[in-house]
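Engineer: Okay, predicted coordinates and the sequence, questions at the end:
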Amino acid sequence: MAHLSRPWAFIVISLFSLAVYADDLTPVSTTLPKQSSIAQTLSLSGSLTAEKRALLSPRVDGLVAEVLVDAGSEVKKGQVLLKLDPAISRQQYAQSQAATAEAKAARDEAARLVKEAERLRKQNYISESEMANRLSNLALSEATLVAMQAAQRSSLEQLRRHELPAPFSGVISAKMTEAGEWINRGTAVLELVATDLVRLDVKVPQERFSDIDKNSPVEVLPDVYPGQRLPAKINAIVPVSDPQARAFLVRVVVDATDISLLPGTSATAVIGLKGKAGQKLIVPRDALLLHPDGGYSLFIVDNGVAKRRQVSIGQQSQDGVSITSGLQLNEHVVIRGNEVLREDQAVTIVNE
């Protein structure tokens, strides 16, 4: 076969090299940072507490027959947690049932005698005095029946109070009694905390009082879940400053519907402050790469080459993450394909 001339061979080799180079380009998607008007954030640490917490005590005095839960048990509202020995109350309830039945029988007999007297009175076989006497006995027997029925309901309620139900759903955090102990009303036997709503109380420096209100954006970073940022809102601001700490209390309610937070653990509240500071840059969360030391970086594309930028982040929101340093407004930030990028790697932008 005839050899290609040198010019044609050079062209073929160049085209082949370009094809190989194009195949080596890593496809990425990019976006430009957005600007945010959030001035700055304030990070404060505190302890998570349950929005609902109750020390449960029995509703009647009695001997503990059975404790149905232990510390750490998850319970639902209305679930029976503890039972007292109901032997005496059960007997009293049986007596009230018998008394009610007796009163009902007496009322029925009095009603029968009245009907009989009405028939006999028409034939003038009994006097008006006897008729009135029978009507009086019927009224007394009906009143007695009503009283016995009320006593029966009271006895039933007393029997039911030998069981201690959960007033709300949550977790038993402490158990202070066992079967066989005698307990009185008002004696705490169980501690119940709700875990669906938790709050974080933080002390804010007094000089920041004018920079925070109930509409300030807040996120909570629980220490038991590193990297998690949970949405929250300020529930209360107590304007009475602590004279020793020169701080006031801010209560933050955490939205923990997708995660289980433990009351008593520590967390950090990141509060967006009001002010006239310069605007911050916002990038999507997918652009950020988390380092083992807790720092963050991202890649930008400069003339078809990936460049890593070490960045500092601020508050996170639905719009993305604010970048406080390390990024310029007009730089193209990689949001897809950044997981496998290396410094100075050639890339091609394939934004949809």
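Structural biologist: Nice, I can see it.
Engineer: Tell me if Arg119 really is in a strand.
Structural biologist: No. Read with DSSP: H, G, I helix; E, B strand; the rest coil, Arg119 is helix and lies in no strand.
Engineer: Which pLDDT value belongs to it?
Structural biologist: If you check Arg119, the pLDDT there is 87.
Engineer: now swap in Ala245 and tell me
Structural biologist: You'll see Ala245 listed with a pLDDT of 67.
Engineer: Could you number the chain from 50 rather than 1 from now on?
Structural biologist: Renumbered: residue one is now 50, and that last one reads Ala294.
Engineer: List the buried residues for stretch 219-238?
Structural biologist: 219-222, 224-226, 232, 238 (16 or more other CB atoms under 10 Å). Bear in mind the C-beta positions are built from the backbone N, C-alpha and C, glycine included.
Engineer: Pick the one among those closest to Ala196.
Structural biologist: When the buried residues of stretch 219-238 are ranked by distance to Ala196 (CB to CB), Ile232 comes first, at 31.8 Å.
Engineer: Phi, psi for Val118 please.
Structural biologist: Per-residue torsions, Val118: phi -130, psi 170 (degrees, to the nearest 10).
Engineer: Quick one: residues contacting it.
Structural biologist: 124, 130-131, 221, 224, 239 (CB atoms under 8 Å, 6 or more residues apart in numbering).
Engineer: make it 7 Å
Structural biologist: The contact partners of Val118, by CB atoms under 7 Å, 6 or more residues apart in numbering, come to 124, 130, 221.
Engineer: helix, strand or coil for the last one?
Structural biologist: Secondary structure for Ile221, judged by three-state DSSP, is strand.
Engineer: Going C-terminal from the helix or strand bottoming out on mean pLDDT in the chain, what's the next secondary structure element?
Structural biologist: When each helix and strand of the chain is scored by mean pLDDT, DSSP states H and E, helix 55-73 comes last, with a mean of 48. Using DSSP states H and E, the next helix or strand after helix 55-73 towards the C-terminus is strand 75-80.
Engineer: Now do the buried residues in that following strand.
Structural biologist: Neighbour-count burial for strand 75-80, counted by 16+ other CB under 10 Å, picks out 75, 77-80.
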